[in-house]
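Participant: this one's structure only:
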């Protein structure tokens with residue numbers, strides 16, 4: 001039976017799926033005195049609200065899965081996209097795909113009345129969600145450091161770049177993330193009702209949430225802030241923009257900065273709710289106020305994972321060009337299917353859409 005008394009606090013992590021019982025009924029918690037002073041009617045989800053929430057999360061997840069899958073495909077498919085920044089964006093897209101599949105989809109299903117927690121389990125999905133968040137933060141820190149090195153020490157940085165070095169760094173980020181987030185395995189589990197909860201850690205839930213804040217946010221953000229302060233000084237000293245290569249470097253800095261700001265804005269509320277919950281003895285996973293806040297910060301994280309690929313396309317012209325080329329190829333091939341012979345002889349020709357400033361430009365082919 002789920003224990004909700006003060007002897008064993010049960011708290012929900014930002015990643016876990018909101019309990020339908022918590023969204024509809026808080027009577028037991030009120031009787032136990034766990035939500036003293038909190039008005040209940042204001043925080044109970046109505047049927048209409050649950051339907052709207054399911055639709056919103058489903059749409060956000062669908063857009064995110066499609067957009068991030070497109071980023072991975074474009075980076076792998078087109079040789080002119082084989083650069084440090086694009087490989088890193090593909091890595092971010094993989095983490096967003098993982099987060100949406102293991103968190104957004106189960107959340108939408110659970111809100112609709114389908115309990116996927118019992119089917120998927122708890123420890124492994126929650127652990128992978130924490131790992132994905134760690135990979136995202138470390139990849140953004142690496143991208144910021146890489147842009148910093150490229151702006152401040154361009155010659156030294158270009159000499160040391162190679163596909164093998166980049167692959168080693170990205171694999172290292174994943175390995176470090178798997179190790180750093182091992183505590184997430186210890187503190188999570190399923191209740192008898194099949195809901196995923198984070199139980200009181202042996203060393204104290206306050207320590208775990210503080211550890212998560214430091215590892216997922218403070219350290220990576222500190223690296224990012226340092227790099228951008230140094231880059232800002234260098235760019236101010238450099239004066240007006242010169243070559244096309246310098247223009248592309250500055251554009252890449254803007255993309256990384258935009259993605260980083262969106263990441264920070266979406267994750268600060270999550271960590272705030274974590275700490276508030278950890279250090280407030282009256283708040284549990286079934287507290288009505290927490291249910292609403294937890295749902296809100298989760299949706300914010302889902303939106304962040306979904307909009308990233310569209311930020312790449314909005315600011316980076318290469319993604320727009322390749323999306324345009326795929327659309328043109330699809331339209332031409334579809335129109336040519338009326339003549340089988342034409343299709344067989346000219347299909348490859350139809351899909352050879354020249355991307356403006358693509359790999360034929362030696363500057364574009366440099367691994368920026």
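Facilitator: Right, received. Where do you want to start? This one's a predicted model, so the numbers in the text were calculated from it and none came from an experiment.

Participant: quick one, what contacts residue 47?
Facilitator: For residue 47, the contact set (CB atoms under 8 Å, 6 or more residues apart in numbering) is empty. The C-beta positions use only the backbone N, C-alpha and C, and glycine is treated the same way.

Participant: ranking helices and strands of this protein by mean pLDDT, which lands last?
Facilitator: Within the chain, no helix or strand scores below helix 27-31, which has a mean of 35 by mean pLDDT, DSSP states H and E.

Participant: please identify the buried residues of the helix or strand that comes right after that helix?
Facilitator: Moving toward the C-terminus from helix 27-31, the first helix or strand encountered (DSSP states H and E) is helix 47-77. If you call a residue buried by 16 or more other CB atoms under 10 Å, then helix 47-77 has these buried ones: 50, 53-54, 57-58, 60-61, 63-65, 67-68, 70-72, 74-75.

Participant: strands along the stretch 151-300 of the chain, start to end?
Facilitator: Secondary structure of the stretch 151-300 of the chain, counting by DSSP state E, counting those that start in this stretch: strands at 188-190, 196-199.

Participant: worst mean pLDDT among those?
Facilitator: In terms of average pLDDT, strand 196-199 trails the rest of these, at a mean of 66.

Participant: point out where the chain drops to low pLDDT.
Facilitator: Counting by pLDDT under 70, the chain contains low-confidence residues at 1-45, 117-120, 155, 158-159, 190-204, 238-246, 285, 330-368.

Participant: I'd like to know how many residues surround residue 323.
Facilitator: Burial of residue 323, expressed as a neighbour count using other CB atoms under 10 Å, amounts to 13.

Participant: now do the contacts for it.
Facilitator: Under the criterion of CB under 8 Å, 6+ apart, the contact list for residue 323 reads 70, 74, 313.

Participant: neighbours of the closest residue to residue 221 other than its chain neighbours, how many?
Facilitator: Spatial nearest neighbour of residue 221, chain neighbours left out: residue 264 (6.6 Å); criterion: CB to CB, 6 or more residues apart in numbering. Residues near residue 264, counting by other CB under 10 Å, number 17.

Participant: and residue 134, by the same measure?
Facilitator: The burial metric for residue 134, expressed as a neighbour count using other CB under 10 Å, is 24.

Participant: same deal with residue 299?
Facilitator: Counted with other CB under 10 Å, the neighbours of residue 299 add up to 17.

Participant: same thing with residue 157?
Facilitator: Counted by other CB under 10 Å, the residues lying close to residue 157 total 17.

Participant: could you do residue 269 as well?
Facilitator: Other residues close to residue 269 by other CB under 10 Å number 16.

Participant: now swap in the one 3 residues further on and tell me
Facilitator: Taking other CB under 10 Å as the criterion, the count of residues near residue 272 is 13.

Participant: and the helices in the stretch 101-250 of the chain?
Facilitator: According to DSSP state H, counting those that start in this stretch, the stretch 101-250 of the chain carries its helices in the segments 105-111, 117-120, 123-152, 154-159, 163-180, 183-187, 205-213, 219-238, 244-279.

Participant: could you export the ones you listed as TSV, including distance to residue 288?
Facilitator: Compiled in TSV, the helices of the stretch 101-250 of the chain are given as follows (distance: least, CB to CB, whole Å):
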stretch	distance to residue 288
helix 105-111	16
helix 117-120	21
helix 123-152	23
helix 154-159	52
helix 163-180	33
helix 183-187	23
helix 205-213	20
helix 219-238	31
helix 244-279	13
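
Participant: neighbours of residue 167, how many?
Facilitator: Other residues within reach of residue 167, judged by other CB under 10 Å, total 11.

Participant: and what of the one 5 residues further on?
Facilitator: Number of residues near residue 172 (other CB under 10 Å) recorded here: 12.

Participant: separation between it and residue 88?
Facilitator: Relative to residue 88, residue 172 is positioned 13 Å away (CB to CB, to the nearest Å).

Participant: now do residue 326
Facilitator: To residue 88, residue 326 is 22 Å away according to CB to CB.

Participant: same drill for those two, tell me which one is more crowded.
Facilitator: When residue 326 and residue 88 are compared for neighbours, residue 88 comes out ahead with 22 against 17, by other CB under 10 Å.

Participant: now do the contacts for the more buried one.
Facilitator: Residues near residue 88 by CB under 8 Å, 6+ apart: 139, 142-143, 146, 170.

Participant: if we go to 6 Å?
Facilitator: With contacts defined as CB atoms under 6 Å, 6 or more residues apart in numbering, residue 88 is in contact with 139, 143.

Participant: name the nearest of the contacts of residue 323 relative to residue 103.
Facilitator: Minimum distance to residue 103 across the contacts of residue 323 is 20.3 Å, recorded for residue 70 (CB to CB).
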